[in-house]
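S.K.: Fold the stuff below for me.
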Amino acid sequence: MNRKKKINETLKKRMKKANAKLNKSTKPRYISKAERAKLDEEAAQVTETADVTSDTTIDNNIESAI
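M.R.: Numbers count the residues shown, from 1 in each chain. The predicted model follows:
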């Protein structure tokens, strides 16, 4: 009985590991502190550029209306 039980346990373990590899993890990817700072800096630059562009567009619209 013990031998059968042991074999079944090892087979179940193998199946469990195989199924775990097939299923994708829902856990989000880790982002390091330095990488987060870099992303924040890039986002700040993009918003700054967008603000300057929108200000320029508004100024151009005002000048053309005059």
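S.K.: which residues of the protein score low on pLDDT?
M.R.: In the predicted model of the chain, residues 51-66 satisfy pLDDT under 70.
S.K.: one more time with 80
M.R.: Scanning the chain for pLDDT under 80 picks out 1, 25, 48-66.
S.K.: And the helices in it, which stretches?
M.R.: 2-22, 33-65 (DSSP state H).
S.K.: Can you lay out those as CSV showing mean neighbour count?
M.R.: C-beta coordinates here come from the backbone N, C-alpha and C atoms, glycine included. Below are these laid out as CSV (neighbours: other C-beta atoms under 10 Å):
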stretch, mean neighbour count
helix 2-22, 9
helix 33-65, 10
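S.K.: Just the CA atoms of stretch 36-51, as CSV, please.
M.R.: Only the C-alpha atoms of stretch 36-51 are listed here, as CSV (Å, rounded to 0.1, in the frame of the first residue of the first chain):
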residue,chain,number,x,y,z
ARG,A,36,10.1,53.7,-11.2
ALA,A,37,12.0,56.9,-10.7
LYS,A,38,13.1,56.9,-14.3
LEU,A,39,9.5,56.3,-15.5
ASP,A,40,8.2,59.1,-13.3
GLU,A,41,10.8,61.4,-14.8
GLU,A,42,9.9,60.5,-18.3
ALA,A,43,6.2,61.0,-17.5
ALA,A,44,7.0,64.5,-16.1
GLN,A,45,8.9,65.4,-19.2
VAL,A,46,6.0,64.3,-21.4
THR,A,47,3.4,66.3,-19.5
GLU,A,48,5.7,69.3,-19.5
THR,A,49,6.1,69.0,-23.3
ALA,A,50,2.4,68.6,-23.7
ASP,A,51,1.8,71.7,-21.5
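S.K.: ok, and what's touching that stretch?
M.R.: Residues from elsewhere that reach stretch 36-51 (C-beta atoms under 8 Å, 6 or more residues apart in numbering): I31.
S.K.: quick thing: my sequence starts at 816, can you match it?
M.R.: Shifting the count to begin at 816 puts that one at stretch 851-866.
S.K.: what distance separates that stretch from the middle of the whole chain?
M.R.: With C-alpha atoms, centre = their mean, to the nearest Å as the basis, stretch 851-866 stands 17 Å off its chain's centre.
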